[in-house]
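K.L.:
okay, here's the prediction I keep looking at, along with the sequence it came from:
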Amino acid sequence: MSLTRGIDVAVRALTILRASQRTVAENIANAAAPGYSRRRVTSSLSESGQGSVQLSSFGEIDVTRVRDRFADAQLRAAVREQADARASSEALSDIELHLNPLGEDSLPSVLGEFTSALTEVSKDAADPIRRISAVRKAEELAAALNGGLSTLSERRTALNDSVVEGVADINRLLAVLAEVNRGLRPEGGDGLGRNNDLLDKRDQALEDLEELVRVNAIEGDFGKMVISINGHAVVEGDKFFEIEAVVSGAADPVVSLRVIDTGITIDPGAGSIAALGRVRDGTLLDIQTGYRSLRDFLVSAAGGSINALHAAGYDAAGALSGLPLFELDGAGGLRVRAEIAANPDLLAAAAAAAVGDGDNAIAMATASEAVISGGKTPQEFLAGLYTNLGFDKKLSDDLMDAAGRLEVATRRRADSVRGVSLDEEAARLLQYQRSYQALVRYISVADELVLLTINMGAR
Amino acid sequence: MRVTFGDFYGTLLRNLDEMRGRMRAAQEKLSSGKELTRPSQDPPRAAEILSIRRELESVEQYGRNAGSAIQLLEGALAATQRLQDLLGEAAVTAVAARSPRGPDTTVILTGKFESLLEGLVDGANVKDGERYLFSGYKTRTAAFAATTGVTAGGAQGITAVSYGGDSSRTTFALSDGLSVEVGIPGTSLSDSGGGDLFLGVMALRDAVATDNDAALAAAESDVARHLGGLTRAEAELGQALARAREAGGRYEAQKLDTLERISTREDADIAGVIVDLEAQRVLLDAALRAFVSVDAESLFDRL
């Protein structure tokens, strides 16, 4: 190789080293940046006919990302499962916190106090204090039940609101992916690695999207992605198809996802949005239905019910009642009959027109513990609802733990490929510095030799 | 496998988060005193707790019933014994009245009978709080009402006693299938109807006042019969009281047992929690120190 050719090679090598140093600096600066993939410089080499390796023409330095696509795909799946389990766990925790099943003022406790108050009336039905206490306990029971139903309705609204927020996030991320597709170009081989930042942005957006819904991503030219959810394309080229949250159902509203352009409803499959829907349409609905069953049990006028017994009973003055104890208000809530609430002497504690008779009170107390559903008393029924809630939450917690560990393991694996090791970069930097110094020295020596040769010829 | 910047700090943060989570759980146990505050922490145990609480409610209700029954029966029994004493004193006074007596003795004796009569009415109207014990269901109505007027002897006194209650008997449940009557109506206080309880003493008073030996003998016989009625009432109340006391004693033990069963499932071992919390705190401190130590070294320090 001639000296001039050698200088050319050295200059080329200096350019690569400079690019490498710049890449190391970029890696170090972005070590903590979310979604950043470490870069490395690659250059195209070609073998000469003599078997030596020669650098090809100037301008083919590439800065590429270091990633393991299989590990990335595994990570996205793990992120999705973890987000699904976490959303489910948090939603169920919220319900559990608000209902407070083991608390002293829980619905089973209030129901028990109502039954007890009726029993106390039966022991001395002429005692006005006991009557007042029984009516107040009936009002507390109605308030507790209405409070529970209201809480559950609020939880439903909160879950639906979270789904709506999730849809907004999905659209934002789809817009990002479309924008990335628009920006991706063939690399110019100039070592600038223009696509790398966009590709990092794309991969981070994909990971964030997987937290929300299950997506299918197919990579095309230059890293452009076609994204689909449950078989429906939502990002193609530089376009994305916006999704809307559609509310349906008046009594128990449900939010579903629909592609605006096509009007097709899509199933999120998995991820946090799917989890919220499962909790809303599963555990939450079961508890709402259970509470409504209890409400219906209390307002029932069927033979042997509290209301039927009350209507057939006699008040403190020995007059036939004819009134139910509980009724529905206009909004579907429970309340004590207004006349009785205002005048506890109207509580029909007597089974016959005998002043002080408390037999009907004990009958109503017994009726409050009659079978409501599935051979269970109201308290057993409520305990069953709460136990199921507990099991669902525990399962979600266990899944979240397992999915969390898997996510950590897969992230660690993915990160071990794409992540920046400061020690490695520092070592590389040192290496490049020395190489640069060596090349500079070589060029300097080559230049001296050329000068010497010129001067030799001049004598 | 490469150890990257993200992995290193991510692992540290994750571990710190987990440690803080464990500390939070321990602090929650310490502040609530409960091992279990939500069903999801241990669903089968939560179901047990809810079931035992239902059982406790039942035990407590039966316990209250037994307690109330004991209180009412003790009051009724004491009142019955007082009535017996008064009626017994009337019987003794009637014996003394058989002896020849002058006008002054007659006045004294009739006054004594009047006083005993008033005592009987008062005794039969005994209350527990606001509750008349011998009125049947009509617990807010005095069992007996005395009417005063001119007696057969010409003096002012009780001329009639009427019953204001009814003949019902309130029962309290002591357990499933077991109940106790917590009193007897005034109509059962004597041998053949409550009003006669007072008529006998009224008859004694009037017989002495009118110096009618035949009426006196008949009245003495009535009083003796009513004493027998009171004795039977006393026995009935005594039996009911014994049953209520036995049930009450049982429920105390049951309640303690039930509370203990709830406690073993629900309450936290405070000493254990404190030790655990302290251990978590020490570990957290050690982890932070370890991080500081590892983080201090870097290859960049050598460049």
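P.N.:
Ah, there it is.

K.L.:
in the stretch 101-250 of chain B, what residue is nearest chain A?
P.N.:
Using C-beta to the nearest C-beta, the closest approach of the stretch 101-250 of chain B to chain A is made by residue B:137 at 3.2 Å. The way it works is simple: take the backbone N, C-alpha and C, and place the C-beta from them, glycine included.

K.L.:
can you pull the pLDDT of that residue?
P.N.:
With respect to pLDDT, residue B:137 has a value of 92.

K.L.:
where does it land in three-state SS?
P.N.:
Following DSSP: H, G, I helix; E, B strand; the rest coil, the label given to residue B:137 is coil.

K.L.:
can you pull the contacts of the one residue in the stretch 201-303 of chain B that gets nearest to chain A?
P.N.:
For the stretch 201-303 of chain B and chain A, the shortest gap (C-beta to the nearest C-beta) falls at residue B:299, measuring 3.8 Å. For residue B:299, the contact set (C-beta atoms under 8 Å, 6 or more residues apart in numbering or on different chains) comprises A:422, A:423, A:426, A:427.

K.L.:
okay, now the closest residue to residue A:116 other than its chain neighbours: neighbour count?
P.N.:
The shortest distance from residue A:116 to any residue that is not its chain neighbour, by C-beta to C-beta, 6 or more residues apart in numbering or on different chains, is 5.6 Å, and that residue is residue B:61. Neighbourhood size, residue B:61 [other C-beta atoms under 10 Å in any protein chain shown]: 18.

K.L.:
shouldn't residue B:61 be in contact with residue A:117?
P.N.:
No - counting by C-beta atoms under 8 Å, residue B:61 sits too far from residue A:117 to count as a contact (10.5 Å).

K.L.:
any idea of the mean pLDDT for the helix or strand residue A:109 falls within?
P.N.:
Remark: residue A:109 resides in helix A:107-123, with elements defined by DSSP states H and E. Mean pLDDT, taken over the full extent of helix A:107-123, equals 96.

K.L.:
circling back to that earlier point, so which other helices or strands are in contact with the helix or strand the residue nearest to residue A:116 falls within?
P.N.:
Secondary structure assigned from DSSP H and E places residue B:61 in helix B:43-97. Applying 3 or more C-beta pairs under 8 Å, 6 or more residues apart in numbering or on different chains; DSSP states H and E, we find helix B:43-97 packed against helix A:107-123, helix A:378-418, helix B:103-124, strand B:127-128, strand B:171-175, helix B:195-209, helix B:213-266.

K.L.:
nearest to residue A:172, out of those?
P.N.:
The closest of the helices and strands packed on helix B:43-97 to residue A:172 is helix A:378-418. By C-beta to C-beta, the value is 22.7 Å.

K.L.:
tell me the angle the closest one makes with helix A:107-123.
P.N.:
Per axes from the mean of the first three to the mean of the last three C-alpha atoms, to 10 degrees, the angle that helix A:378-418 makes with helix A:107-123 is 170 degrees.

K.L.:
next SSE after helix A:378-418?
P.N.:
Secondary structure here is assigned by DSSP H and E; on that basis, the next helix or strand after helix A:378-418 toward the C-terminus is helix A:422-458.

K.L.:
so what's residue 264 scoring on pLDDT?
P.N.:
By default, I'm working from chain A. At residue A:264 the predicted local distance difference test score is 92.

K.L.:
other chain: chain B
P.N.:
93.

K.L.:
one more: residue B:195?
P.N.:
What the model reports for residue B:195 is a pLDDT of 59.

K.L.:
distance of residue B:120 relative to residue B:223?
P.N.:
Going from residue B:120 to residue B:223 by C-beta to C-beta, to the nearest Å gives 11 Å.

K.L.:
what do those two both touch?
P.N.:
B:87, B:201.

K.L.:
thinking again about what came up before, what's the neighbour count on the residue of the stretch 101-250 of chain B closest to chain A?
P.N.:
Taking other C-beta under 10 Å as the criterion, the count of residues near residue B:137 is 24.

K.L.:
ok, it - contacts?
P.N.:
For residue B:137, the set of contacting residues under the criterion of C-beta under 8 Å, 6+ apart consists of A:125, A:126, A:354, A:355, A:356, A:357, A:358, B:165, B:166, B:168, B:170.

K.L.:
list the contacts of residue A:66.
P.N.:
Residue A:66 makes contacts with A:37, A:38, A:39, A:40, A:417, A:418, as judged by C-beta under 8 Å, 6+ apart.

K.L.:
apply 10 Å and report the result again.
P.N.:
A:27, A:37, A:38, A:39, A:40, A:417, A:418, A:419, A:420 (C-beta atoms under 10 Å, 6 or more residues apart in numbering or on different chains).

K.L.:
can you get me a residue count around the nearest residue to it once chain neighbours are set aside?
P.N.:
Of all residues beyond its chain neighbours, the one nearest residue A:66 is residue A:38 (5.2 Å), with distances taken as C-beta to C-beta, 6+ apart. Residue neighbour count, defined by other C-beta under 10 Å, stands at 25 for residue A:38.

K.L.:
gap between residue A:38 and residue A:65?
P.N.:
In this structure, residue A:38 and residue A:65 are separated by 7 Å, where distance is defined by C-beta to C-beta.

K.L.:
now do the shared contacts for the two.
P.N.:
By C-beta under 10 Å, 6+ apart, residue A:38 and residue A:65 have these common neighbours: A:417, A:418.

K.L.:
ok so, going back, can you add mean neighbour count and give the helices and strands packed on helix B:43-97 back as CSV?
P.N.:
Rendered in CSV, the data for the helices and strands packed on helix B:43-97 read as follows (neighbours: other C-beta atoms under 10 Å in any protein chain shown):
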stretch, mean neighbour count
helix A:107-123, 23
helix A:378-418, 20
helix B:103-124, 19
strand B:127-128, 18
strand B:171-175, 20
helix B:195-209, 25
helix B:213-266, 17
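
K.L.:
who touches residue 284 in this structure?
P.N.:
I went with chain A, as the question did not name one. For residue A:284, the contact set (C-beta under 10 Å, 6+ apart) comprises A:91-92, A:94-95, A:152-153, A:155-156, A:159, A:252, A:276, A:278, A:389, A:392.

K.L.:
sorry, I should have been clearer: chain B.
P.N.:
By C-beta under 10 Å, 6+ apart, residue B:284 lies in contact with B:15, B:16, B:19, B:20, B:22, B:23.

K.L.:
the third one: neighbour count?
P.N.:
Here the neighbour count serves as a burial measure; for residue B:19 (other C-beta under 10 Å) it reads 18.

K.L.:
can you tell me the element it falls in?
P.N.:
Under DSSP H and E, the secondary-structure element containing residue B:19 is helix B:5-32.

K.L.:
starting at the chain centroid, how far to that helix?
P.N.:
51 Å (C-alpha atoms, centre = their mean, to the nearest Å).

K.L.:
do that helix and chain A come into contact?
P.N.:
Yes - applying C-beta under 10 Å from any C-beta of the partner chain, one finds helix B:5-32 in contact with chain A at B:5, B:6, B:7, B:8, B:9, B:10, B:11, B:14, B:18.

K.L.:
endpoint to endpoint, stretch A:350-364 covers what distance?
P.N.:
Chord length of stretch A:350-364, first to last residue, is 10 Å (C-alpha to C-alpha, to the nearest Å).

K.L.:
can you verify my assumption that residue B:200 contacts residue B:83?
P.N.:
No - counting by C-beta atoms under 10 Å, residue B:83 is not a contact partner of residue B:200; they are 11.9 Å apart.

K.L.:
shared neighbours of those two, which are they?
P.N.:
With C-beta under 10 Å, 6+ apart applied, the overlap between the contact sets of residue B:200 and residue B:83 consists of B:120, B:190, B:226, B:227.
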